[in-house]
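Trainee: no FASTA, just this:
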């Protein structure tokens, strides 16, 4: 059964960015960019924007509980991959991909209005790493354009 695609932001008191409350404007930018990116993303199971320290900002197709778990997982993957990139001197961290039998998880770092965030994409079996990477770049550009308005 296919569920309706929807953008969801949880209004938790613990929503924050590096210890500060999330700006409602920042959340709105992320929600709009996410809704736009989600359109036509048939190969994706879900997309979310989370803080690098593991708090949800906005998500598609997730319950609050699943959103919190995905945010924590993405934050952990990002931290480990950042350490690996630093240790191996590969330059600035961008994306970590986890390929599995039934799909791909991609966590991509981006900034909006100077704030570091993570785009999390969970792709089904028809998703490719290249498609997720391109969608992440388009998402970051769209989010930056919204913030520039």
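Mentor: Sure thing, it's come through. Everything numeric here is computed off the predicted structure, so don't read it as measured data.

Trainee: mind listing the helices in the protein by residue range?
Mentor: All helices of the chain, identified by DSSP state H, fall at 24-38, 64-87, 129-148.

Trainee: tell me what the first one is packed against?
Mentor: For helix 24-38, the elements it packs on are strand 7-8, strand 44-51, strand 56-60, strand 103-112, helix 129-148, judged by 3 or more Cβ pairs under 8 Å, 6 or more residues apart in numbering; DSSP states H and E. Every C-beta, even on glycine, is put in place using the N, C-alpha and C of the backbone.

Trainee: angle of it against strand 44-51?
Mentor: 160 degrees (axes from the mean of the first three to the mean of the last three Cα atoms, to 10 degrees).

Trainee: just the longest one next, same as before
Mentor: Calculated by the same axes, to 10 degrees, helix 64-87 forms an angle of 70 degrees with strand 44-51.

Trainee: relative to strand 103-112, how tilted is helix 64-87?
Mentor: Using the same axes, to 10 degrees: helix 64-87 against strand 103-112 is 80 degrees.

Trainee: Could you check the angle helix 64-87 makes with strand 56-60?
Mentor: Using the same axes, to 10 degrees: helix 64-87 against strand 56-60 is 110 degrees.

Trainee: Rounded mean pLDDT for helix 64-87, please.
Mentor: Per-residue pLDDT over helix 64-87 has a mean of 92.
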